[in-house]
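[1] sequence and predicted structure, then a few things I'm wondering about:
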Amino acid sequence: MEENQIPAHIGFIMDGNGRWAKKRGMPRNFGHSKGAEVFKKTVNWCKELGVKCATFYAFSTENWRRPADEIEGIMNLLRRYIKDLRAMTKENTRIIILGDISQLSEDIRLELSDIMERTKENDGFIVGIALNYGGRGEITRAARILADKAARSEIAPEDISENSIEKLLYTAEMPPLDLVIRPSGEQRLSNFLIWQAAYAEFVFMDVLWPDFSKNDLISAISEFSQRSRRFGGI
Ligand code: IPE
Ligand code: IPE
Ligand code: MG
């Protein structure tokens, strides 16, 4: 594949952990734990294949609707995986958290802020983690910031442009989203990067996230490379 056929930015909707565990007669959190291992491997596969940036949907603003014990399990897992994120900081990888982390426990919040701050200058690869993230919330947040500036007369309403909104999204410093991969058989965005996905390609796969393999990634990228992206042109 030629370089321009490799997506610069892939979004992964890490779905199917619960069903994967259920199939094995195990608690749902066992699936989340397996899924987190696959996250780590996928980062490396993306680097090997020449992708520049990968964003992973880890927890949505809607996932708070789940039972408390499942949420607690996911948060504990996050504590474990903060260690892996720390290791990635040494590999010239920048970590960007997408979402409102102010609602997470203080220890997690402090760790994540520190990791983001420390990796700000890294330019080898970008890992995005969407955590307490929702696309509608992200756009609403940008609208509020701009409305506040307008109310203070720092900007005029006509200054609000797609570009000024984009600069306030969590993805502002990432390459444009080229491809969204959703395993698990569901064919929807579930509030993931809805603005950024306006012209992204979608690959839906039947594999459950804990079983997602390097071959699945290669096959999704190869499917992407055969798509004709017109962006409204001909
Ligand atoms: C995705 O797997 C992980 C999170 C949403 C945290 P699910 O937990 O949604 O797995 P299924 O869809 O129930 O199988
Ligand atoms: C999307 O999966 C969120 C994450 C993968 C973190 P969900 O399992 O929450 O999505 P729905 O509920 O099936 O749409
Ligand atoms: Mg799901």
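    Nice, I can see it. Ligands and ions are numbered 1, 2, ... in the order given.

[2] could you identify the helix or strand that succeeds the lowest-mean-pLDDT helix or strand in the chain?
    Sorting the helices and strands of the chain by mean pLDDT, DSSP states H and E puts helix 68-88 at the bottom, at a mean of 93. Sequence-wise, the next helix or strand downstream of helix 68-88 (DSSP states H and E) is strand 93-98.

[3] which strands and helices sit next to that following strand?
    With contacts taken as 3 or more Cβ pairs under 8 Å, 6 or more residues apart in numbering; DSSP states H and E, strand 93-98 sits against helix 106-118, strand 125-133. Where C-beta positions appear, they are placed from N, C-alpha and C, glycine not excepted.

[4] now the chain, which segments are flagged as low pLDDT?
    Low-confidence segments of the chain (pLDDT under 70): 1-3.

[5] let me see the ranges of the strands in it.
    Along the chain, counting by DSSP state E, strands occupy 9-13, 53-60, 93-98, 125-133, 179-182, 201-204.

[6] among the ones you listed, which is the most enclosed?
    Greatest average neighbour count among the strands of the chain goes to strand 9-13 (a mean of 26), per mean count of other Cβ atoms under 10 Å.

[7] ok, is it in contact with ligand 1 or not?
    No - judged by Cβ under 6 Å from any ligand atom, strand 9-13 makes no contact with ligand 1; its nearest approach is 7.9 Å.

[8] rewinding a little: got the angle for the least confident helix or strand of the chain vs strand 53-60?
    Here helix 68-88 points in a direction 160 degrees away from that of strand 53-60 (axes from the mean of the first three to the mean of the last three Cα atoms, to 10 degrees).

[9] elements contacting helix 68-88?
    Using 3+ Cβ pairs under 8 Å, 6+ apart, helix 68-88 is in contact with helix 28-49, strand 53-60, helix 106-118, strand 125-133.

[10] and for the closest residue to ligand 2 within the chain, the neighbour number?
    The nearest approach of the chain to ligand 2 comes at S190, 3.6 Å away (Cβ to the nearest ligand atom). Using other Cβ atoms under 10 Å as the criterion, S190 is surrounded by 15 other residues.

[11] what does the least confident helix or strand of the chain rub up against?
    For helix 68-88, the external contacting residues (Cβ atoms under 8 Å, 6 or more residues apart in numbering) are 27-29, 32-33, 36, 39-40, 43, 58-59, 63-64, 95, 104-105, 107-108, 111-112, 115, 119, 127, 129, 131.

[12] residue of the protein nearest ligand 1, please.
    G18 (2.8 Å).

[13] that residue and G31 touch, don't they?
    Yes - taking contacts as Cβ atoms under 8 Å, G18 lies within contact range of G31: 5.5 Å.
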